[in-house]
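In: okay, here's the prediction I keep looking at, along with the sequence it came from:
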Amino acid sequence: MDRELLMDYMDMWARNMRQPDSGLGYPKKSIMMSSGGNYTSFEDMIEEADSNIIKTIDAVISSLDPEQRSAVWARWLNTKKPMYYELKLSHAIDNLMTIVGRRLGI
């Protein structure tokens, strides 16, 4: 996996992590009527693919060393930076490129 693609995925993950999800209110998707068979729009397919990527990124971040995880959170979620932040973030990004690339088949 190349670094630029990972950075795009990480930004997508961070946007998703910042979204409040109270579970209250109107449904996120409306019911669609179809006269025959299942109907899946292109947007639904893209949303599902993005959701799978976000879940994969989140799982890989959760499996990182706690110090590396803290560096990732500091970079993308603006939490407190751990000691030796740059070094730990560099190691985390290397690990993410390898593991995420393997899990997504990229």
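Out: Great, that's in hand.

In: can you pull out the helices in the chain?
Out: Counting by DSSP state H, the chain has these helices, from start to end: 3-18, 42-63, 66-77, 85-104.

In: ranking those helices by mean pLDDT, which is last?
Out: Mean pLDDT is lowest for helix 42-63 out of the helices of the chain, coming in at a mean of 90.

In: show me what contacts T56?
Out: Residues in contact with T56 (CB atoms under 8 Å, 6 or more residues apart in numbering) are 100, 103-104. All C-beta atoms are positioned from the backbone trio N, CA, C, and that covers glycine.

In: number of nearby residues for R103?
Out: R103 has 15 neighbouring residues, counting by other CB atoms under 10 Å.

In: going forward can the numbers begin at 683, since that is how I track them
Out: Renumbered: residue one is now 683, and that last one reads R785.

In: I'd guessed it sits against D740; true?
Out: No. Using CB atoms under 8 Å, R785 and D740 do not qualify as a contacting pair, with a distance of 11.6 Å.

In: now the closest residue to V742 other than its chain neighbours: how far from S772?
Out: The spatially closest residue to V742, leaving aside those adjacent along the chain, is I781, at 4.9 Å (CB to CB, 6 or more residues apart in numbering). Distance, I781 to S772, by CB to CB, to the nearest Å: 15 Å.
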